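**Q** task: produce atomic coordinates for the following.
(chains A and B)
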There are 2 protein chains.
Amino acid sequence: MKSANYYFLVFTLFLFNSGFSQNKISEEPNNKPNIIIIFADDLGYGDLSCYGHPTIMTPNLDRMATEGQKWTNFYVAASVCTPSRAGLMTGRYPIRSGMCSDKSRVLFPNSTGGLPTNEITIAEQMKKAGYVTAAVGKWHLGYQKEYLPASHGFDSYFGIPYSNDMDRANAEGVSHKEIFWNADIKYFNVPLIKNETEIERPANQNTLTKRYNDAAVNFIKKNQKKPFFLYLAHNLPHVPLFASKEFLGKSKRGLYGDVLMEIDDGVGKILKTLKETGLDKNTLVVFTSDNGPWLVYNDHGGSAGLLKDGKGTSWEGGMRVPGIFRMPGKIKPGTVTEIGSTLDLFTTVSKMANIDLPQDRITDGIDLSSILYGTGNDGRENLIYYRGQKIYAARKGAYKLHFITQTAYVKDTKKTFHKKPLLFNLETDPEERFNIAIENPEKVKEIEKMVDEHKSGVKPVKDQLAERIN
Amino acid sequence: MKSANYYFLVFTLFLFNSGFSQNKISEEPNNKPNIIIIFADDLGYGDLSCYGHPTIMTPNLDRMATEGQKWTNFYVAASVCTPSRAGLMTGRYPIRSGMCSDKSRVLFPNSTGGLPTNEITIAEQMKKAGYVTAAVGKWHLGYQKEYLPASHGFDSYFGIPYSNDMDRANAEGVSHKEIFWNADIKYFNVPLIKNETEIERPANQNTLTKRYNDAAVNFIKKNQKKPFFLYLAHNLPHVPLFASKEFLGKSKRGLYGDVLMEIDDGVGKILKTLKETGLDKNTLVVFTSDNGPWLVYNDHGGSAGLLKDGKGTSWEGGMRVPGIFRMPGKIKPGTVTEIGSTLDLFTTVSKMANIDLPQDRITDGIDLSSILYGTGNDGRENLIYYRGQKIYAARKGAYKLHFITQTAYVKDTKKTFHKKPLLFNLETDPEERFNIAIENPEKVKEIEKMVDEHKSGVKPVKDQLAERIN
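**A** A predicted model of the protein is given here:
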């Protein structure tokens, strides 16, 4: 007969080996998965190697796409910074929060508005579920104290409050090209903020990406015993471009490629940290961008790949971005052609953390988890393409209808109002080359009806972007 | 003491388990690897999922790219069928064999010329090394008996001798759109040839891809004990498009996507057969295309992704194509940004099979094996972009110089001669957007000199494409 000690030892070894230790329990995906959203700035649909770029090398993002899901119809809520970010944060079209405007496309350092505190953010949802929350990187949802991340559900914040090209300094009489092409931090007086305090001004932009990546890794290590939500919003590859010495000159794609290599390197470090801390299988990592490439900056801007036009427009190149989702063992690897949006992140991660959606307001998100888990395809059917407060286009299934178009290849181009809206089939014609409105009048009507229904649900609110201090 | 029988058994088991059986010996890569070249027709740089297409699903090619190398600067010798294929077959710019012309861009059913029999083909090289050789699919290097694959080193042939849209029938008074959009085999009187005999006319194009894939699989199974060379040249996705019932309506990208799914399915079947026959690790599989997408056929044509323009042009979209190389355990997986060309296949596989290159003529290929094996990067430095017999552009390293440009978006556009050639950096500006000739006069001169040197080595030969029987 074996002794009790023997059985104890066997049982202990069983527990140890089968993963019933405390560390391992957190690997069960249903037990409040950690959430990391990595958000690039002005990175285009065609800018990653796994989305077809010939000279930008992004091995870590490529691996993330192979191990997880690569979405090829993933959208943002607006084709410029501020409203796009408001959409991600609230899961609502920015028209509902007043975070888009026909008077100013984004917030500026002297803007008085910001994301209203009565909006419920994705971070606040996560806090309800007991998550530790952190924002690292660019905010751009209000520079006044009441609008900073601390007022919107983030336990901590480290980053710059608006775009890295705002707040010029020493730029009088200097050519636009000099300021942007030979980017020197001396031209930009952007503050770096820790929680609610300015800690560096001008921010040393040469090392920002590195510091953001380090902050992300440290946050994960520090909070490995708790569920956490990390919003890592790089302020690059928005111009002006900067990279650490380690990456300068390393890419065939020039400085733009160097910048992406450093962002990709951060992704690699984050994935490595998740592996080392045993959190790999219980952490959803999402990578996406706030809008398409800024095409007026020559090779300091990115590429929308096969998609038309770029940042600022309602063509696909402005609104469709890379969307990569990874959670090994939980997310079914593959390429996904269903429609998704950054608007859906609010809803999807709320569901993952078992938190109810707000019932006192309209949210515009869809729970994408059936697609992520490979159990269904209850994706998004509709999408509204806003520019400012106007609806420029709308998508329903494969079809997209343009009411107004305006290019971004040249600055300040005029908009074209289409009395007969343009219709494209984005599945067979993702490049938006062949207007098929005449052959499909019922599709035109169907989308027009959908847009009318959407409009009727939008209530006027204060325009947060209109006011600026002179 | 063990008996001798015992030791015999042990030794036999050792041989069996350690892979020293005859089947396994052939898995040693240096022992004359089998070669399979899969060649698509008019498939663009952006048409595969792994090259960024949002709605065309090519899981087998994607896997091949992940397990092997995905080349992002891989070119063809010309931007239309006949000269491109002549380049691949001979490893020489088609100007050297008379297989390009300013009078006719390709061979037609009533052309009298073809690839001269004194040219040495890649198949003839393989035969010298003792390989069994087969051509399956579209030939397009001469319809007369003396020009067919049997005269050029192929032990067997099964396919159509020219493009699938040639030889119209029942087409009088029928609109061009009807003929191509609702593709019906009744409009095309293309012959199907087995070795040198017409076996079906009109070829049932609905089932051709399936029959090609089956022929490829059967060839591999039949020749698994010998070294073999298989040239599988699909005649699709060249218009008119056809797919088997199994694939019709299966792709979100419409008929074009269905066609690619069937080609991709064939790739999967070939890779599966290699695995089952134990030849996986000793077979180089190459996938590429003969030129860029044919843009005048709306959504029946493909996409060059981020690259400019398409088939027929010397813009990148006409000449740069997907290039995927796979030989597990031998080819180092990854994305390759070095320059390669279908011209290099002749040289590369000759070296792999230990066969000397022809010494009595100029060949234009580079041995790419150091890049494939990950032992170096002795890739191609230069590239000449011919259209007919004229040099339209040339690339040296990152830089490409255009002497003449001509778009293909609209039929019969006029060419533009550039007194001041246009210079692009294809690494930082793969979309050919920013002419940097003025800032880089030394680069312009360097490329002009390279072109002059190339020209001085080209001797006039008979134009094989000029003559046609009326």
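**Q** where does pLDDT dip in chain A?
**A** Residues of chain A meeting the criterion pLDDT under 70: A:1-30, A:409-412.
**Q** take stretch A:439-452, keep the C-alpha atoms, and write them as CSV.
**A** Extracted as CSV, the C-alpha positions of stretch A:439-452 are listed here (Å, rounded to 0.1, in the frame of the first residue of the first chain):
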residue,chain,number,x,y,z
GLU,A,439,-27.5,48.6,-63.5
ASN,A,440,-28.5,48.3,-59.8
PRO,A,441,-31.1,50.9,-59.0
GLU,A,442,-32.6,48.7,-56.2
LYS,A,443,-29.2,48.5,-54.4
VAL,A,444,-29.0,52.3,-54.6
LYS,A,445,-32.4,52.7,-53.0
GLU,A,446,-31.6,50.1,-50.4
ILE,A,447,-28.5,52.0,-49.2
GLU,A,448,-30.3,55.3,-49.4
LYS,A,449,-33.0,53.9,-47.1
MET,A,450,-30.4,52.6,-44.7
VAL,A,451,-28.7,56.0,-44.5
ASP,A,452,-32.0,57.7,-43.9
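**Q** name the surrounding residues that touch that stretch.
**A** Contact partners of stretch A:439-452, identified using CB atoms under 8 Å, 6 or more residues apart in numbering or on different chains, comprise A:382, A:384, A:391, A:394-396, A:399-401, A:403, A:421, A:423, A:437. Backbone N, C-alpha and C define where each C-beta goes, glycine included.
**Q** in strands, which of those residues fall?
**A** Judged by DSSP state E, these include A:N382, A:I384, A:I391, A:A394, A:R395, A:K396, A:Y399, A:K400, A:L401, A:F403, A:P421, A:L423 as members of strands.
**Q** also near chain B: which of those residues, exactly?
**A** Of the entries in the ones in strands among the contacts of stretch A:439-452, not a single one is placed beside chain B under the rule of CB under 8 Å from any CB of the partner chain.
**Q** filter those down to just the buried residues.
**A** For those, burial is judged from neighbour counts taken by 16 or more other CB atoms under 10 Å in any protein chain shown, and it is met by A:N382, A:I384, A:I391, A:A394, A:R395, A:K396, A:Y399, A:K400, A:L401, A:F403, A:P421, A:L423.
**Q** list just the nearest of those to A:V267.
**A** A:R395 (28.8 Å; CB to CB).
**Q** report the contact partners of the closest residue to that closest one other than its chain neighbours.
**A** Using CB to CB, 6 or more residues apart in numbering or on different chains and skipping the chain neighbours, the partner closest in space to A:R395 is A:L383 (4.2 Å). Neighbour list for A:L383: A:Y75, A:I339, A:S341, A:A394, A:R395, A:K396 [criterion: CB under 8 Å, 6+ apart].
**Q** chain B: which of those is nearest?
**A** If you rank the contacts of A:L383 by distance to chain B using CB to the nearest CB, A:I339 comes first, at 10.8 Å.
**Q** ok, the closest one touching A:E381?
**A** Yes. Using CB atoms under 8 Å, A:I339 and A:E381 qualify as a contacting pair, with a distance of 7.2 Å.
**Q** between those two, who's got more neighbours?
**A** When neighbours are counted by other CB atoms under 10 Å in any protein chain shown, A:I339 and A:E381 differ, and A:I339 comes out ahead with 25 against 12.
**Q** measure the more buried one to A:W71 for me?
**A** Look at A:I339 and A:W71: by CB to CB, to the nearest Å, they are 9 Å apart.
**Q** distance between whichever helix or strand A:K275 is part of and the chain's centre?
**A** Taking DSSP states H and E as the criterion, the element that holds A:K275 is helix A:254-276. The offset between the C-alpha centroid of helix A:254-276 and the centroid of the whole chain comes to 16 Å, using CA atoms, centre = their mean, to the nearest Å.
**Q** tell me which residues in stretch A:185-198 are buried?
**A** In terms of neighbour count (16+ other CB under 10 Å), stretch A:185-198 has its buried residues at A:I185, A:Y187, A:F188, A:N189, A:V190, A:P191, A:L192, A:I193.
**Q** so what's A:N34 closest to, chain neighbours aside?
**A** The shortest distance from A:N34 to any non-neighbouring residue, by CB to CB, 6+ apart, is to A:T283 (4.1 Å).
**Q** contacts only, for that neighbour.
**A** By CB under 8 Å, 6+ apart, the residues touching A:T283 are A:P33, A:N34, A:I35, A:I36, A:L274, A:M327.
**Q** go with 10 Å
**A** With contact set as CB atoms under 10 Å, 6 or more residues apart in numbering or on different chains, A:T283 has these partners: A:26-27, A:29, A:33-36, A:220, A:224, A:227-228, A:230, A:270-271, A:273-274, A:277, A:326-328, A:330.
**Q** again, but for A:Y93
**A** The contact partners of A:Y93, by CB under 10 Å, 6+ apart, come to A:77-78, A:83, A:86-87, A:99-100, A:341, A:343, A:362-364, A:383-384, A:386, A:391, A:454, A:457-458.
**Q** of the residues you listed, which belong to strands?
**A** Checking these against DSSP E, those in strands are A:S341, A:L383, A:I384, A:Y386, A:I391.
**Q** residues in contact with the residue in the stretch 51-200 of chain A that chain B sits nearest to?
**A** Taking CB to the nearest CB as the measure, the point where the stretch 51-200 of chain A comes nearest chain B is A:G52, at 2.4 Å. Counting by CB under 10 Å, 6+ apart, A:G52 touches A:45-46, A:303, A:305-306, B:45-46, B:48-54, B:70, B:72, B:303, B:305-307, B:322.
**Q** separation between the nearest residue to it once chain neighbours are set aside and A:E431?
**A** Leaving aside its chain neighbours, A:G52 sits nearest to B:G52 (2.4 Å; criterion: CB to CB, 6+ apart). Computed as CB to CB, the B:G52 to A:E431 distance reads 12 Å.
**Q** how about A:R92?
**A** From A:R92 over to A:E431 the distance is 30 Å, taken as CB to CB.
**Q** please apply the same query to A:Y147.
**A** 39 Å.
**Q** and if you look at A:E262?
**A** In this structure, A:E262 and A:E431 are separated by 31 Å, where distance is defined by CB to CB.
**Q** so the two - more neighbours on which side?
**A** Of the pair A:E262 and A:E431, A:E262 is the one with more neighbours under other CB under 10 Å, namely 25 against 21.
**Q** residues touching A:G98, list them.
**A** With CB under 10 Å, 6+ apart as the criterion, the residues that contact A:G98 are A:83, A:86, A:113-116, A:119, A:389, A:460-466.
**Q** farthest pair within those?
**A** In the contacts of A:G98, the most distant members under the criterion CB to CB are A:G114 and A:P460, with 18.4 Å between them.
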